[in-house]
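> fold the following and give me the result.
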Amino acid sequence: MEGLFRFIHFTGFYNMTPGHIIMIMVGLFFIYLAIKKEYEPLLLIPIGFGILIGNIPFWENIGLQLGIYEQGSVMNYLYMGVVKGIYPPLIFLGIGAMTDFSALLSNPKLLLLGAAAQVGIFVTLLGALALGFNPQEAGAIGIIGGADGPTAIFLASKLAPNLIGAIAIAAYSYMALVPLIQPPIMKLLTTKKERLIRMKPSRSVSRTEKLLFPVFAFLITAFISPGSIPLLGMLFFGNLLKESGVTDRLGNTARNALIDIVTILLGVTVGASTQATTFLKPQSVLIFVLGALSFMIATASGVLFAKLMNLFLRSDNKINPLIGAAGVSAVPDSARVAQLVGAKEDSTNFLLMHAMGPNVAGVIGSAVAAGILMSILMKTIAF
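A predicted model of the protein is given here:
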């Protein structure tokens, strides 16, 4: 009987709490969105199943080394890639190896839209400070507005390791929900006439430009924001592997096998970090609210800045404001949303390649913003 009672005490049914049930339902909802609605399945399925893994109740603090927060457990070792900021640069390496910067190079002024969309980061930082978060936590929360999961995780690992789980889940959730969140904001802030604007065809970009861009872009951004070196260094290195023409094997590995492996590990461990006993706190709810606010402000900022730019551009060189929403760095989903919203007004107006300009600029902008926040907010820096 003693053995039977001991077995019962070890079961998940015995250790179940309402929090575990809530998180399991969230995990199942993520999996549903990924499979049924096809919202970012490559992210939501690993994260959703990771939530299930992290919320199977067990008898804690008896040395079984099962949970992700228990020293010596397998999941804890895998989670070190998140906590130590290892996975995000590897993700950026893969992104760089699959990214074509031609749209940005052919129309450099679109870089301004990527920069404008980062306004949400700094507005949300102020909001987080007003709600009682310390400066480091506020900075880590604000970066959610960039809609860049790896950057959010990287900055949180440096500034607010205690909030990594909530920040990562919020960032990836809003990345997946781009098709739902952005269109209403884009339509609200633009007129039908603006949505019908046809942009001039992009010019052809030479191979020399493509080769020089990752080298000089890295040097410029790294000198401006040294804190972004791990992310932008890997991003532009990956792009050089792609564009050089002599490292096809390395480029293919980076944009296929490597990024797939890291995405699996990152998604599952981030999901598992939502263990109900440590994750379900009022702070987590506030982070989700602030993250949504940040993302909406970033979207609106990109659209409004495009409208502002049009005031100074010739009538034959106007920018369709819809592509301003692609300034958030959810590549390529926010660019695809700009195309879909524009196509509803005119099915022959192709905005996708134009939208990729601010989209990839947003990736660079969010990484630069993260580096700036790190340099300002790191507690260890003294003058």
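
> quick one: residues contacting the closest residue to Val303 other than its chain neighbours.
Excluding its sequence neighbours, the residue lying closest to Val303 (CB to CB, 6 or more residues apart in numbering) is Gly324, at 4.2 Å. C-beta here means a position set from N, CA and C on the backbone, and glycine is covered the same way. Shown in contact with Gly324 (CB atoms under 8 Å, 6 or more residues apart in numbering): 113, 116-117, 301-307, 358.

> how much space separates Gly324 from Phe101?
18 Å (CB to CB, to the nearest Å).

> tell me, how many residues neighbour the residue lying closest to Phe279 once chain neighbours are set aside?
Distance criterion CB to CB, 6+ apart; nearest residue to Phe279, sequence neighbours excluded, is Gly165 at 5.5 Å. Using other CB atoms under 10 Å, Gly165 is surrounded by 27 other residues.

> swap in Pro161?
15.

> could you do Ile224 as well?
What Ile224 shows, counting by other CB under 10 Å, is a neighbour count of 11.

> wait, it sits on Ala369?
No - contact criterion CB atoms under 8 Å: Ile224 and Ala369 do not qualify, at 10.9 Å.

> ok so, going back, what strand or helix carries the residue nearest to Phe279?
If you go by DSSP states H and E, Gly165 is part of helix 164-176.

> where in this structure is pLDDT low?
60-63, 379-383 (pLDDT under 70).

> where is the longest helix in it?
Ranked by residue count and defined by DSSP state H, the top helix of the chain is helix 282-310.

> coming back round to it: PyMOL command for the buried members of the contacts of Gly324?
Listed next is the PyMOL selection for buried residues among the contacts of Gly324, using 16 or more other CB atoms under 10 Å:
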select buried, resi 113+116+117+301+302+303+304+305+306+307+358
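
> among the contacts of Gly324, which one sits closest to Gly365?
Ala117 (7.0 Å; CB to CB).

> which ones are touching the closest one?
Ala117 neighbours (CB under 8 Å, 6+ apart): 146, 298-299, 301-302, 305, 324-325, 327-329, 358, 362, 365.

> can we see that at 6 Å?
For Ala117, the contact set (CB atoms under 6 Å, 6 or more residues apart in numbering) comprises 298, 301-302, 327-328, 362.

> spatially, which two of the residues you listed are the most separated?
Most distant of these, by CB to CB, are Ser301 and Gly362, 10.9 Å apart.
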